[in-house]
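Pasting the sequence and the predicted model now:
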Amino acid sequence: MIRDTRVTTSGFVWIPPSREFPTFKVVLTSNGIDYTVADSTETDPTQPSNKVLNCNLTMESRKLGLFNLELVNNQGEYLNKFDAGDSIKIYADYNDGSTEIFRGKIEEVLYSLSESEGYTINITGKDYPEASGLKIIESFFKIIIIPLFLLFYIYNLQK
């Protein structure tokens, strides 16, 4: 008789969810009206909420976040809708695209025409354009020098 040395146990192997296809949404706000120009949950590419040709978002530590957005504008639906100072919100995550990852303001809107894409709008901006070019410096000179001067003065009075 052959003896079996195998021990069987039940178990659970966790397989992480796919991180290949994040869901996202891009919303531009102008004059109190929200324009959803990109929504990855839309299944019909002819819907007006899928007009983005290119969206670049740069967020670095200790620097201003930048964005560059290129929209299809063949029917002229976005002609003269957006100006400098209008806001943009970009949402992205792996569930439903409701996590806000960027909030900024438009700095420049350019209209163009190409043979391959037709009429397009190029929108650029930053997350805090008001802070661009400012130097924020904290000075501790007065705090350190005055107490040292007082200590030196008191020390000389005691002599």
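Received it, and whenever you're ready, just let me know what you need.

Let me see the mean pLDDT of the longest strand along the chain.
In the chain, assigned by DSSP state E, the strand with the most residues is strand 100-114. The average pLDDT for strand 100-114 rounds to 91.

So which residues make contact with that strand?
With contacts defined as Cβ atoms under 8 Å, 6 or more residues apart in numbering, strand 100-114 is touched by 28, 57, 59, 65, 67, 73, 79, 82-92, 119-129. Glycine gets a C-beta too; all of them are placed from N, C-alpha and C.

same check, this time on stretch 116-128
With Cβ under 8 Å, 6+ apart as the test, stretch 116-128 has contacts from 28, 53, 59, 64-74, 76, 78, 82, 88, 102-114, 132.

Between the two ends of stretch 9-18, how far is it?
28 Å (Cα to Cα, to the nearest Å).

ditto for stretch 72-81
Using Cα to Cα, the end-to-end distance of stretch 72-81 comes out at 13 Å.

Next, the buried residues of that stretch.
72, 73, 78, 81 (16 or more other Cβ atoms under 10 Å).

By mean pLDDT, which helix or strand of the chain comes out lowest?
In the chain, no helix or strand scores lower on mean pLDDT, DSSP states H and E than helix 141-158, which sits at a mean of 58.

Give me the nearest residue to residue 96, chain neighbours excluded.
In space, and not counting its chain neighbours, residue 96 is closest to residue 23: 6.1 Å by Cβ to Cβ, 6 or more residues apart in numbering.

Which residues are in contact with residue 63?
Contacts for residue 63 (Cβ under 8 Å, 6+ apart) come out as none.

roughly how far apart are the most centrally placed residue in the chain and residue 89?
Centroid check for the chain by Cα atoms, centre = their mean gives residue 102 as the closest residue, at 2.7 Å. When distance is defined by Cβ to Cβ, to the nearest Å, residue 102 is 7 Å away from residue 89.
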